[in-house]
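Chemist: Generate coordinates for the sequence data below:
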Amino acid sequence: QVQLVESGGGLVQAGGSLRLSCAASERPFSKHAMGWFRQAPGKEREFVAAIGWPIPTSDYADSVKGRFTISRDNAKITVYLQMNSLKPEDTAVYYCAQTGVGLTRYAKSYDYWGQGTQVTVSS
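Modeler: Model prediction:
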């Protein structure tokens, strides 16, 4: 059973930055695509970004493209989400997830999920 633990969330003013981290419990992490999703109150969970394996290609939702960057460190079995130029509409609980099907935006394709970390952006 893979465990994913997110960290790095918090309260930030609009225009600020945060870096989220997601640490995996097992080495096979390095052979799976990883994704970040978010869920705001009263809204459905939505795709944010994903990074592939073995080639670390990336994919981003249009709403975060150019502001967020996903990366991974296989040696540390950790995936990151650097969030810049944050907006109040980025406020949500952010989840990382692991999939065995390659780079994908579809939440149902992800097998393991973290518990989430809260990001709040004030105006």
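Chemist: quick one, strands of the chain?
Modeler: Ranges of strands in the chain, per DSSP state E, are 4-7, 10-13, 18-24, 33-39, 46-51, 58-60, 68-73, 78-83, 92-99, 110-113, 117-122.
Chemist: residues in contact with the residue sitting nearest the centre point of the chain?
Modeler: Nearest to the geometric centre of the chain sits Trp36, at 2.4 Å (CA atoms, centre = their mean). By CB atoms under 8 Å, 6 or more residues apart in numbering, Trp36 lies in contact with Leu20, Cys22, Val48, Ala49, Ala50, Ile70, Val79, Leu81, Tyr94, Tyr95, Cys96, Ala97. Where you see a C-beta, it was placed from the backbone N, CA and C, and this is true even at glycine.
Chemist: State the pLDDT value of Phe29.
Modeler: Phe29 carries a pLDDT score of 55 in this model.
Chemist: For this structure, give me the ranges with low pLDDT.
Modeler: Scanning the chain for pLDDT under 70 picks out 27-30.
Chemist: coming back round to it: let's have the contacts of Trp36 in TSV, adding neighbour count.
Modeler: Output for the contacts of Trp36, formatted as TSV (neighbours: other CB atoms under 10 Å):
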residue	neighbour count
Leu20	24
Cys22	27
Val48	25
Ala49	25
Ala50	26
Ile70	23
Val79	30
Leu81	27
Tyr94	23
Tyr95	23
Cys96	30
Ala97	23
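Chemist: got a list of what the nearest residue to Trp36 once chain neighbours are set aside touches?
Modeler: If the residues on either side of it in the chain are set aside, Trp36 comes closest to Val48, at 4.3 Å by CB to CB, 6 or more residues apart in numbering. By CB under 8 Å, 6+ apart, the residues touching Val48 are Gly35, Trp36, Phe37, Arg38, Tyr60, Ala61, Val64, Phe68, Leu81, Tyr94.
Chemist: farthest-separated two in those?
Modeler: Spanning the widest gap among those are Tyr60 and Tyr94, at 13.9 Å by CB to CB.
Chemist: re the thing from before, and the strands of the chain, which is most packed in?
Modeler: Stretch with highest mean neighbour count among the strands of the chain: strand 33-39 (a mean of 24; mean count of other CB atoms under 10 Å).
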